[in-house]
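Peer 1: generate a structure from the sequence data that follows.
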Amino acid sequence: MVLGGGGAKGAQSWRGRMEGAAFDGMLSSVEVSRDVMQTCLAHALTTEREEVMGLLLGDIEEDGQGAAVARVWRLSFQRRVDRRPDRVEISPEQLAAAAEEAARWTEETRRVTRVIGWYHSHPHITALPSHVDVQTQGNFQLLDRGFIGLIFSVFSSLPDSTSRMQMVGFQSVSAPSAGGGPPVFSQRLVPVSVAETAEGGDRAPTRLVELQRVQLAEEREAYAEALAAVASATADGPPDSRAADLGIAFHSAIYQKVLCGILAHSLPPLAQALHDRKQHHAREIAALEAELADCELAEAEMRLSGAAISVPAQQAAAPY
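Peer 2: The predicted structure follows:
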């Protein structure tokens, strides 16, 4: 069973052909497009108080030597249903929505796209998966054997006061428990590499704008819940009480501060993404101009060669 995707006529992935017993779900490596990697990292850097997460879209393909490689070219942001500092959760409804998004992407691009993994952040702690991460990953793999997890460690300080960012890929390996209970999972690290963004893949500038919308929706919901709590707590108070006004002012100030933080954290990555895109286009333009110059030179040489051949032929045919 896979978590979602497919749908295009004639489009079948290598994993789709290997869904039988021949594919054990263990991946040799993970390739993440440059734009998806940049967007995931920008998402992880949006907050250092709580973990954030999203789903990875792509497919499992063969590397040319029979090994399974997870290739990620799109992601799906997920709104946090439980904003705790040490864990993230995803609802079945969110999984279903991401699967529908993958199916739409398959139809639009004619390239099989599935939900093949998840990513989340580890603020201030190591990038290695916790026992909860390993268990969550194992549960995902019970639904889809080739599922992959990525962890982004951010806001980790070194002794020299510099910050370090790390990223690891991992899967879970199950072993039967001694008492015949649920399987026991252990971690298996998977090498991760960054690939150039292919045609039809996610573009960082567009997705970073979408990330801002997701964050704003989360904060609006939290703000509305806070105001509702203030109204409920002060409903039975004295008529001249200022508690409600103070509560509203407090939460409004927090809300405005959070909005400013979203702008401060999201605009620099967006500007960097646009700068990277500009450099990428400049390299493409330079390569195309060099190719055009080579073609023009080859055309000129062919014309000179043709003229040199045609002149003697005309002289030989001329009457005396």
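
Peer 1: touching, S29 and S193? I think so.
Peer 2: Yes - the criterion here is C-beta atoms under 8 Å, and S29 meets it with S193 at 6.4 Å. All C-beta spots, glycine's among them, are computed from the backbone N, C-alpha and C.

Peer 1: now the element after the lengthiest strand in the chain, going C-ward?
Peer 2: Ordering each strand of the chain by length in residues (DSSP state E) puts strand 163-175 first. Where DSSP states H and E defines the elements, the next helix or strand beyond strand 163-175 is strand 184-190.

Peer 1: please identify the buried residues of the helix or strand just after that following strand?
Peer 2: The helix or strand immediately downstream of strand 184-190 is strand 192-195, counting by DSSP H and E. Using 16 or more other C-beta atoms under 10 Å as the test for burial, strand 192-195 gives V192, A195.

Peer 1: just stretch 169-187 next, same as before
Peer 2: For stretch 169-187, by 16+ other C-beta under 10 Å, it's G169, F170, Q171, S172, V173, F185, Q187.

Peer 1: make CSV from those and add pLDDT and distance to R242 to it.
Peer 2: Putting the buried residues of stretch 169-187 into CSV (pLDDT from 0 to 100; distance: C-beta to C-beta, whole Å) gives the following:
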residue, pLDDT, distance to R242
G169, 96, 53
F170, 96, 52
Q171, 96, 56
S172, 94, 54
V173, 92, 59
F185, 90, 54
Q187, 93, 54
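
Peer 1: CSV for the residues you listed, including distance to C295?
Peer 2: What follows is the buried residues of stretch 169-187, written out as CSV (distance: C-beta to C-beta, whole Å):
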residue, distance to C295
G169, 43
F170, 48
Q171, 48
S172, 53
V173, 54
F185, 57
Q187, 53
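
Peer 1: my read is that L57 contacts W105, right?
Peer 2: Yes - with contacts counted by C-beta under 8 Å, L57 reaches W105, the gap being 6.7 Å.

Peer 1: who touches both of those two?
Peer 2: Applying C-beta atoms under 8 Å, 6 or more residues apart in numbering, one finds that L57 and W105 are jointly contacted by R74, T113.

Peer 1: where does the stretch 1-150 of the chain dip in pLDDT?
Peer 2: By pLDDT under 70, the low-scoring segments of the stretch 1-150 of the chain are 1-23, 81-87.

Peer 1: on that earlier part again, now, which of the buried residues of stretch 169-187 sits nearest R71?
Peer 2: Comparing the buried residues of stretch 169-187 against R71 with C-beta to C-beta places G169 closest, at 12.4 Å.

Peer 1: kindly state the beta-bridge partners for that closest one.
Peer 2: L150, V190 (DSSP bridges).

Peer 1: from A98, how far out is it?
Peer 2: Distance, G169 to A98, by C-beta to C-beta, to the nearest Å: 19 Å.

Peer 1: care to break this structure down by domain?
Peer 2: Residue ranges for the domains of the chain, per automatic domain parsing: 14-196, 206-286.
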